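Engineer: Here is the input, now give the coordinates:
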Amino acid sequence: MPKFLIYVIVGSVSALIDLLTLGILLGINTPQWLSVTIAFTTGFVFNLKAHALFTFVSPLTRKAGLRFTAIVAVNYILTLTTIETLTAFSLSLFTAKVVSLPIIAASGFFLGRYWAFKT
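Structural biologist: Okay, the predicted model is just below:
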C-alpha cells in the first residue's frame, strides 16, 4: 500500500479521534481553546505512534519524536489560526476544524516523510 494512502488512513483515524474528543469536551462545556488543545493532543499521541509504526515504518527514536513534535507545533499554530480566523467569520468550530485538516495533512506528510522519519 502506498505511504500516502497509509498516511491518509492514519490521519483520518487521528482526525476522528480529534473530532470526537472535541465534541465530547464541548458537550461538557469545556472552553473552546482548551477543548481544541486537548483534542489536538489526543490526536497527536495516536498520530506519532501510528505514523512511526505503519506509515513511515521507522523506529520511534527520540530524534524522530522531537522532530515530529516540532512539526505538530507548527501544525497546532496553523490549526488554531485557521479556526480562530474562520470562526471570526461566523463559520462553526467544527467546519473550521474540518477546513484546517487538509492543510495540516499536507504539511505533516511532507515534513514527516522527509524530515522526522526520513525513509
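Engineer: what comes up buried for the helix or strand harbouring L48?
Structural biologist: Per DSSP states H and E, L48 falls inside helix 32-50. Buried residues in helix 32-50, counted by 16 or more other CB atoms under 10 Å: 35-40, 42-44, 46-48, 50. C-beta here means a position set from N, CA and C on the backbone, and glycine is covered the same way.
Engineer: and the nearest residue to Q32 once chain neighbours are set aside, what does it touch?
Structural biologist: Nearest residue to Q32, sequence neighbours excluded (CB to CB, 6 or more residues apart in numbering): L93, at 6.5 Å. Applying CB atoms under 8 Å, 6 or more residues apart in numbering, one finds that L93 lies in contact with 22, 26, 32, 36, 83, 87.
Engineer: do the same with A50
Structural biologist: 10, 13-14.
Engineer: Pick out the lowest-pLDDT one from these.
Structural biologist: Minimum pLDDT across these is recorded for S14, with 91.
Engineer: what helices or strands is the helix or strand it falls within leaning on?
Structural biologist: Per DSSP H and E: S14 is located in helix 3-27. If contacts are counted by 3 or more CB pairs under 8 Å, 6 or more residues apart in numbering; DSSP states H and E, helix 3-27 sits against helix 32-50, helix 93-111.
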